[in-house]
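*Asks:* Predicted coordinates and the sequence they were generated for:
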Amino acid sequence: MAIERYNARVAERKWQAAWNGASVFATRNDDPRPKYYVLEMFPYPSGRIHMGHVRNYTMGDVVARYKRARGFSVLHPMGWDAFGLPAENAAIQNKVHPAKWTYENIATMRAQLKSMGLSLDWDREVATCSPDYYRHQQKLFIDFHNAGLVYRRKSKVNWDPVDHTVLANEQVIDGRGWRSGAVVEQRELEQWNFRITAYSEDLLTALDTLDRWPDKVRLMQRNWIGKSEGLKVRFEFESRPPSNEATIEIFTTRPDTLFGASFLALSPDHPIAVAEAAKDPALAQFRDRCRQMGTSAAVLETAEKEGYDTGLTVKHPFIAGKTLRVFVANFILMDYGTGAIFGCPAHDQRDLDFARKYGLEVTPVVLPTGADPASFDVGDVAYTDDGTLYHSDFLDGLTIDAAKQEVARRMESHQVDGAPQAARQVNYRLRDWLISRQRYWGCPIPMIHCAECGVVPVPVEDLPVKLPDDATFDRPGNPLAYHPTWKHVACPSCGKAATRETDTMDTFVDSSWYFARFTDPWNEGLPTTRSAVDSWLPVTQYIGGIEHAILHLLYSRFFIRAMKATGHVAIDEPFAGLFTQGMVVHETYKDASGHWQAPADVLIEDIGGERRARLKADGAPLTIGSIEKMSKSKKNVVDPDEIIANWGADTARWFMLSDSPPDRDVIWTEAGVEGAHRFVQRVWRLVGETAELISGATAPALAAKLSPTAGALRKAVHKTLAAVEDDIERLAFNRAVARIYELVNTVARLLVETNVAADATLKGALGEAFDVLLQLIQPMMPHLAEECWATLGRHGMLAQTHWPAYDPALIVDDEITLPVQVNGRKRGEVTVARAAGEAEVKAAALALDAVRMALDGKSPKKVIVVPQRIINVVA
RNA sequence: GCGGGCGUGGUGAAACUGGUAGACGCGCUGGACUCAAAAUCCAGUUCCGAAAGGAGUGUCGGUUCGAUUCCGACCGCCCGCACCA
């Protein structure tokens, strides 16, 4: 009987409709079963989904379907990170309103995601650009404001001259805007900030509780927060400067090296530097030069340390009569520590470079262990390792740590100009989160500026502050600011004419709480419903790209803390489990004139074992380039729509899971897709060939005494079941796939080699094998699994079926085969009873020909028997 | 510069806490079926060697009965941060 090929196009549409019709994936908040919240990072509606989405959402869907089958009430929602610049750029370039552009993209991408057969609860869909969503974000903003977590301040900002907007520090990469790539300029503007630094310490220490996060991400966040403990030290001026300060305060993490101090350096933006510059034109000039210097990594690396001697001097705190010159230096940052340092050239490379350039004294004060104090000297490399203090008076002989303590102790109790000379200080690299954006397509900041009352929050009953529909995009700058009427309102406090805040929020705000909104997106009155949000959060398993290791994940952690402080949630952390998946990469192809060519237009041939590429259209030879992340610029993209149309969603899903470990990059290849599709057809064919044979033969036959073949099959089936469970729990999808291949190979071989019809117990075992196999495949290839399930005449939909339990008795063997090594090299193997004692195992091993030959009549020095594992004979 | 990670066949990769290196996939080779092709099925496929045997997880050393796994040095690649005092 010929079996028709599996028609993915027809079957996938059919089952998607069937799941939808039965609302299989709609999740109820009042479901009493244990909850499991699996979430993939929601997409930006850029136009079409790409292969990265396919990989991300396939992984999440495997987890969702598996956990559902395991009896959990699974929340698996989807939404749209829908505000942002591309919509506004489209408005400028194509004269289409950002809302229209965005919602059309959403419609396209929703259809694409649905064609993948994802088990999503679409009833909970949210789009961050909808007033139904952002009204609640405005409420959160006001609550944060009232709790002191939002403030406005004039600050030097990173200004993107192409996008005409302010960027957060995190959005400046190598001195360029993260989206536009334009060199960022410095400007002073009144900006709204979230006080993320209020949680610096908590965000840092709580990383230790996130034991289901990758170490790498936790380390990145730890470094980003950048805690350092040190001392703020006040140096007394020898002579008061014209600005009339008595002291300069510096920050140091190395107070132990104070006896090696040879100068002080101030940031060009330090108040004293500014004040001095007002009277010293040369210093003013120097400051201008510093400001013009770029901030890109390339510039900084090559930039020389430069300083300007202010002529001011300060007293050394411990060495009577010693004075230090005060420089303004280009390498001192104003926004870290106090914007001033003391330089100890012997033990800091930058200070050393500076000292050598300006002929300043270099006195080593830390002696490496074992070095000779008489001869130890620092050349052009500062000594920054451990050692013992010397040349340091009362610190001599102390360790670095002890010296730090001693200096702090003495200075804390010593008064200078009416205050302690030093105070212990913890510094963080983390800065507050600047959220003001001068753009239209974002969540309006719900504040009103009144000449009388100052800055007043919009009353909650007036929310949302909606974006005007009739904005225009024909000139640069913020469309909200030059809209003729939108910003003019009455002050909520005094009723007089006032203006709205025209800044909108950074889109990272939108994505900082969407996972909470999913728990009850129907609540019109409040951002969250406490009973829902507290029972669903934290997200059990969050899956997304490593590129969000800092920004999105740190902001979300801050947001949950702020939402807790304002009574919107009870939890401490948003994501209990985090998984960062690798990228989808592809070969690149270039034609003779250096233009990139798309994989769809390329023909790959194997000529004499060498892969060659030609253009499909005219056969022109192409160069095969390196494997890189799929990107439009290199044209090495594969369109998910085409793959799904040609091969089916299940083939795409299976390939995404099978080839590489999920946290590593996966190389998309045509051959790999063909292989995946071959497997789809193979399963279908096996089911088709066997359906009639095993119909009606299941459990009853198993009760009888099994034939050896049937018994062996059952063992294989249950072992695979146990192993795949374990693999999916660890998100080791590639291993699960390999085990499923093995099981299918076993079944296929059995069908070829055995007359199944003659063995009733084997029919039963085979029936069970297919039931289990389809269940194992279901999370990964749900349509195929359903179609096969129906073909076998099983009842109901697989998507609603409970996961089978493996029989623990079947996954252990009565007899085991142990490798036998001689001197650590395998020489043979012995098969013994599982329960065999050490003596018996040893005897069996020594009886092996290979072992006897190796021993050559002598008795072994030692025989190591590792139970259930291995025997090693030491000759 | 600082911090972290990774180097396994032709190739994507397996090998849980030290215990049979290369499971599974791709590719390739041979065979069956076919007038032929596609599809499918069977067999083989780390390297050297006809075989017996030997070598082998970036390189060199160490610990161990036993090392892809642990330790040290080096080489190469990747990622994050970066004048953070």
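*Replies:* Nice, thanks for sending it over.
*Asks:* what about A:Thr369, neighbour count?
*Replies:* For A:Thr369, the neighbour count with other Cβ atoms under 10 Å is 8. C-beta coordinates here come from the backbone N, C-alpha and C atoms, glycine included.
*Asks:* Quick check, it in contact with A:Tyr390.
*Replies:* No. With contact defined as Cβ atoms under 8 Å, A:Thr369 does not reach A:Tyr390; the gap is 11.9 Å.
*Asks:* Name the residues contacting each of these two.
*Replies:* Shared contacts of A:Thr369 and A:Tyr390 (Cβ atoms under 8 Å, 6 or more residues apart in numbering): none.
*Asks:* tell me which parts of the stretch 551-700 of chain A are close to RNA strand B?
*Replies:* A:606, A:609, A:658-661, A:664-667, A:669, A:671-672, A:674-675, A:678-679, A:681-682, A:685 (Cβ under 7 Å from any atom of the strand).
*Asks:* For ChimeraX, write the selection for the buried entries among those.
*Replies:* A single ChimeraX command selects the buried members of those (16 or more other Cβ atoms under 10 Å):
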select /A:658,659,660,665,666,669,672,679
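*Asks:* mind checking the longest helix of chain A?
*Replies:* Under DSSP state H, the helix in chain A containing the largest number of residues is helix A:670-694.
*Asks:* Taking the stretch 451-600 of chain A, what residue is nearest to RNA strand B?
*Replies:* Relative to RNA strand B, the nearest point of the stretch 451-600 of chain A is A:Ile550 (6.1 Å; Cβ to the nearest atom of the strand).
*Asks:* Excluding chain neighbours, give the residue nearest to that residue in space.
*Replies:* In space, and not counting its chain neighbours, A:Ile550 is closest to A:Trp224: 5.1 Å by Cβ to Cβ, 6 or more residues apart in numbering.
*Asks:* next one: phi and psi at the one you found?
*Replies:* phi -70, psi -40 (degrees, to the nearest 10).
*Asks:* counting contacts, what elements does the longest helix of chain A pack onto?
*Replies:* helix A:640-647, helix A:649-658, helix A:733-753, helix A:760-777, helix A:782-791 (3 or more Cβ pairs under 8 Å, 6 or more residues apart in numbering; DSSP states H and E).
*Asks:* Kindly compare burial across those helices and name the winner.
*Replies:* Across these, averaging neighbours per residue (mean count of other Cβ atoms under 10 Å) puts helix A:649-658 on top, at a mean of 26.
*Asks:* Any buried residues in stretch A:423-431, and which?
*Replies:* A:Gln425, A:Asn427, A:Tyr428, A:Leu430, A:Arg431.
*Asks:* show me which of these neighbour RNA strand B.
*Replies:* Among those, RNA strand B is touched by A:Asn427 when using Cβ under 7 Å from any atom of the strand.
*Asks:* Relative to RNA strand B, which of the buried residues of stretch A:423-431 is nearest.
*Replies:* A:Asn427 (6.1 Å).
*Asks:* Does the residue of the stretch 451-600 of chain A closest to RNA strand B touch A:Arg222 like I think?
*Replies:* No. Judged on Cβ under 8 Å, A:Ile550 makes no contact with A:Arg222 at a distance of 10.6 Å.
*Asks:* Residue numbers of the stretch 701-850 of chain A in contact with RNA strand B?
*Replies:* So far as Cβ under 7 Å from any atom of the strand goes, the stretch 701-850 of chain A lies against RNA strand B at A:732, A:734-735, A:737-738, A:741-742, A:745, A:748-749, A:752, A:817, A:819, A:821, A:823-826, A:829.
*Asks:* On the pLDDT front, check the residue of the stretch 1-150 of chain A found nearest RNA strand B for me.
*Replies:* RNA strand B sits closest to A:Arg5 of the stretch 1-150 of chain A, with a gap of 7.7 Å, by Cβ to the nearest atom of the strand. Listed pLDDT for A:Arg5 reads 86.
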